[in-house]
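Q: Just to be clear, the model below is a prediction. Sequence and coordinates:
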Amino acid sequence: MNLAPTDRGADGTVVPDREKDARDLLNLTALALGARDIASGVTPTLEKLVRDTAAGGSAYFQADRRLLAFRVRAATGEMPQTPGMQAVAAHGLPGDTPLMVALQGSASPLFYDDTRLSPDTLGFPELGVASLAAAPVRDAQGQLLGAFLMHTFEAHVWQREEATLFSMISSTIAALAGRLVAEEEVRVTRESALRALGLALEARDGETQGHTDRVTSLAVRFADRLGWTEQQREALRWGAYLHDIGKIAIPDAVLLKPGLLDPEERASMCSHVQAGVRFAHALQFLPPGALSVIQDHHERWDGSGYPRRVAAQAISLQGRLFALCDVYDALTSPRPYKAAWTHERAISEIRTQAGRQFDPALVEPFVELTETVSTGPGQDA
C-alpha cells in the first residue's frame, strides 16, 4: 500500500491528519476547478484516496447514456487482473449493475467491508474486488452522472477516518466533476454540430465527399505528432470541420463547374474564406485557433495567397499546418476539374512548394506522417 509510516498507528489503523487533509482538499478543489476534462480533474483525487487509505486502487466511472453503462474515465493504483475486470475496463459497468442501482437511491457514499456479503456488490468478488467504497456523482437535477470507487483485494473493514476522508473528498469533488461532465457534454454537442455543418457542405458538393473527415483526421494526427496539447488539437478539429463552410455562399455554377474558373469566377470562389470567417465569428464559442484555420488555410508562405496576402510567420501555425493537409487531400482526391493524384506525385508537388506555398519547416515532418498513414492513394492524372 502507498501509505507513509506516519499515516498509521502502532495497531495498523489510519491516523488522520486533519490539517493535511484540509490542505489537500483545497489543492484538489483548485485542480478540479482549473481542469478542462474529467481525467485531469479527478485523477488527483483518486491518487489521494489510494495514498491515504487502505485502497489498492481507485477509479471514476461516468454514465454513457448511449451504451447504458458506466465507463472508466480515470483510474489509479492497482486494478484486479481478472478477465471480468478487463471487460469492465473496456466496456464499463452495465447500468443495471446492483451497485449502480444502489447508488441511484443513495445520497451519500456506500461502504462494503466484504463484497461477498451484500447483494449490492453482486459480481464484484468475481472481478477480484474484496471490499469497496462508492460515492455518487450527480448533476444539478440529482441525476446520477457517475461514481467514485475505491477497492481492496482482501476483505477490509473501512475505518471511520477512511470513511470520513472518502466522504469529504468525494462530496466536494463530485460537485466539480458534475460541472466537468456538463461542460464536456456541451463540447461534444458543439463538435458534433460543427462536423454536421462540414458534412452538409459535402452533401451539396458531392465531388468532395469524405474530405472533411479525412483532412480533419490527418490534421489532428499531424498536430499530435508535433506535440500539440488536447486543447490545441480540439481548436484545430473545430476549425477543420468549418474550413470551407463559406462555400455555402458560392453559386452552384461556380462551385460545381467541371472546368477551370475564369477570373470573375475565381474571385467568387476565393470569397468563401471571408464568408467562412464571418460565419465563424457568429459562433461566439469558437476558440481563436479554430478561427485561424478558417482564415489562413489559403495563405501562402511567400505571401501570394488569399485573402490577406500575409507571409511566413504572419500566417498562423494552425493555418500553415492545415494548408498542408488540405492540399494533400485535394491532390489525392478526384475533383470536377481533375483526377486523383497518387501519393507519390502529391508528395513531390508538396516538396516543390516548400518555401513557396508551404512552411518549409513543416513539409518534411508532414511527409514523414503521410508515409505512416494509409490514405488510399488515388489514380495518377
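A: Perfect, I can see it now. Numbers count the residues shown, from 1 in each chain.
Q: residues contacting Leu127?
A: The neighbourhood of Leu127, defined by CB atoms under 8 Å, 6 or more residues apart in numbering, consists of 80, 82, 84-85, 88. Quick note: C-beta positions are derived from backbone N, CA and C, even for glycine.
Q: swap that for Ser167, sorry
A: Contacts for Ser167 were tallied using CB under 8 Å, 6+ apart; they are 108-109, 135.
Q: what bridges to Phe111?
A: Ala133 (DSSP bridges).
Q: correct me, but it touches Trp158?
A: Yes. In this structure Phe111 lies within contact range of Trp158 using CB atoms under 8 Å: 4.7 Å.
Q: Look at these two and report which has more neighbours.
A: More crowded of Phe111 and Trp158, by other CB atoms under 10 Å: Trp158, with 21 against 18.
Q: List phi and psi for that one.
A: Per-residue torsions, Trp158: phi -70, psi 120 (degrees, to the nearest 10).
Q: For it, give me its contacts.
A: Per CB under 8 Å, 6+ apart, neighbours of Trp158: 54, 111, 113, 131, 133, 166.
Q: at 6 Å what do you get?
A: Phe111 (CB atoms under 6 Å, 6 or more residues apart in numbering).
Q: neighbour-wise, which of the contacts of Leu127 leads?
A: Of all the contacts of Leu127, the most densely surrounded is Val88 (25 neighbours; neighbours counted as other CB under 10 Å).
Q: quick revisit: output the contacts of Leu127 as TSV; include the columns pLDDT.
A: Shown next, in TSV, are the contacts of Leu127 (pLDDT from 0 to 100):
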residue	pLDDT
Pro80	91
Thr82	94
Gly84	93
Met85	92
Val88	93
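Q: for these, which one is nearest Gly34?
A: Using CB to CB, Val88 comes nearest to Gly34 of these, at 29.7 Å.
Q: quick one: the closest one and Glu126, what's the gap?
A: Separation of Val88 from Glu126 (CB to CB, to the nearest Å): 11 Å.
Q: Could you do Pro94 as well?
A: 14 Å.
Q: quick one on the thing from earlier: I'd like the contacts of Leu127 as JSON lines, with secondary structure and distance to Pro263 appended.
A: Formatted as JSON lines, these follow (DSSP: H, G, I helix; E, B strand; the rest coil; distance: CB to CB, whole Å):
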{"residue": "Pro80", "secondary structure": "coil", "distance to Pro263": "70"}
{"residue": "Thr82", "secondary structure": "coil", "distance to Pro263": "70"}
{"residue": "Gly84", "secondary structure": "helix", "distance to Pro263": "68"}
{"residue": "Met85", "secondary structure": "helix", "distance to Pro263": "66"}
{"residue": "Val88", "secondary structure": "helix", "distance to Pro263": "63"}
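Q: before we move on, the earlier item: Throw the contacts of Ser167 into a markdown table and include secondary structure and distance to His343, thanks.
A: Putting the contacts of Ser167 into a markdown table (three-state DSSP; distance: CB to CB, whole Å) gives the following:
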| residue | secondary structure | distance to His343 |
| --- | --- | --- |
| Ser108 | coil | 59 |
| Pro109 | coil | 56 |
| Ala135 | strand | 52 |
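Q: for those residues, which one is nearest Thr29?
A: Set against Thr29, the nearest of the contacts of Ser167 by CB to CB is Ala135 (15.6 Å).
Q: Please tell me I have it right and that closest one contacts Pro109.
A: Yes. With contact defined as CB atoms under 6 Å, Ala135 counts as touching Pro109 (3.9 Å).
Q: now the strands for the stretch 101-250 of the chain?
A: Applying DSSP state E, counting those that start in this stretch to the stretch 101-250 of the chain gives strands spanning 110-112, 131-138, 144-152.
Q: Need the three-state assignment for Lys257.
A: The three-state assignment at Lys257 reads coil, by DSSP: H, G, I helix; E, B strand; the rest coil.
Q: Torsion angles phi and psi at it?
A: phi -60, psi 130.
Q: if I look at Leu67, how far off is Asp114?
A: Leu67 sits 30 Å away from Asp114, going by CB to CB.
Q: Those two: which has the busier surroundings?
A: Neighbour count, other CB under 10 Å: between Leu67 and Asp114, Asp114 has more, with 15 against 12.
Q: Neighbours of the closest residue to that one other than its chain neighbours, how many?
A: Nearest residue to Asp114, sequence neighbours excluded (CB to CB, 6 or more residues apart in numbering): Ala155, at 4.4 Å. Neighbour count of Ala155, defined by other CB under 10 Å: 14.
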